[in-house]
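In: need the 3D shape of this:
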Amino acid sequence: MSTVPPKLSEAPFWLVGDVEALSHPSTPVQRLLELAKTWSDAPNGAGPTVSPRALKTLRKLKPAEIDELVEQYRAGSSVYQLAKQYGFHRITIGKHLRSRGIDTTAPALTHEQVREAAQLYADGWSCKKIAKNFGTGAETVRERLQQAGVTMRGPHERL
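Out: Numbers count the residues shown, from 1 in each chain. Coordinates of the predicted model:
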């Protein structure tokens, strides 16, 4: 006794939606179907095969490593350099430094430095170059110059 599958028009209402969903899958369904191609056929349901390089092991910095961070930061290394060296995000490095009482925010400019920065900007210096000169961020320089009433050049304008 063989059973003949029903025609699509005779299929139960719940099956029609499934057929339509699989014939024109949405983006999430497409992602799921692509992921399903990586699933193991093993009976234990081992799950998708992921390359070892795709996974990153979480680790904590030891107190001695945090001491090294502090020393290197005080010696002139930036948070970005330390993050790259230790393999952590810059925000994580900043949190470790702040936990030791170190403020990692760029220093603000004094009124005298703003006047000097305005003169350097008028002489043709970029905000980035001025920031490097004062040991602060370019965005800080730009904000302080605008607050002082300096008309800023466009991104491609030079004197």
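In: any idea how far residue 124 is from the spatially most central residue of the chain?
Out: Closest residue to the average C-alpha location of the chain: residue 89 at 8.4 Å, with Cα atoms, centre = their mean. Distance from residue 89 to residue 124, counting by Cβ to Cβ, to the nearest Å: 36 Å. Heads up, the C-betas are built off the backbone N, CA and C, glycines and all.
In: follow-up on the earlier one: surely the residue nearest to the centre of the chain and residue 82 touch.
Out: No. The pair residue 89 / residue 82 is not scored as a contact, 10.8 Å apart, by Cβ atoms under 8 Å.
In: so where's this protein shaky on pLDDT?
Out: For the chain, the stretches with pLDDT under 70 are 1-22, 41-57, 106-107, 158-159.
In: per-domain residue ranges of it.
Out: Split into domains by automatic domain parsing, the chain comes to 63-99, 111-147.
In: dump stretch 27-42 to CSV, restricted to CA.
Out: The C-alpha trace of stretch 27-42 is given here as CSV (Å, rounded to 0.1, in the frame of the first residue of the first chain):
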residue,chain,number,x,y,z
THR,A,27,17.5,36.5,5.5
PRO,A,28,17.4,34.8,8.9
VAL,A,29,16.2,31.6,7.3
GLN,A,30,19.0,31.8,4.7
ARG,A,31,21.5,32.2,7.5
LEU,A,32,20.1,29.2,9.4
LEU,A,33,20.2,27.1,6.2
GLU,A,34,23.9,28.1,5.7
LEU,A,35,24.7,27.2,9.3
ALA,A,36,22.9,23.9,8.9
LYS,A,37,25.4,22.9,6.2
THR,A,38,28.2,23.0,8.8
TRP,A,39,26.4,20.8,11.3
SER,A,40,28.0,17.5,11.9
ASP,A,41,26.2,14.3,10.9
ALA,A,42,27.5,12.7,14.1
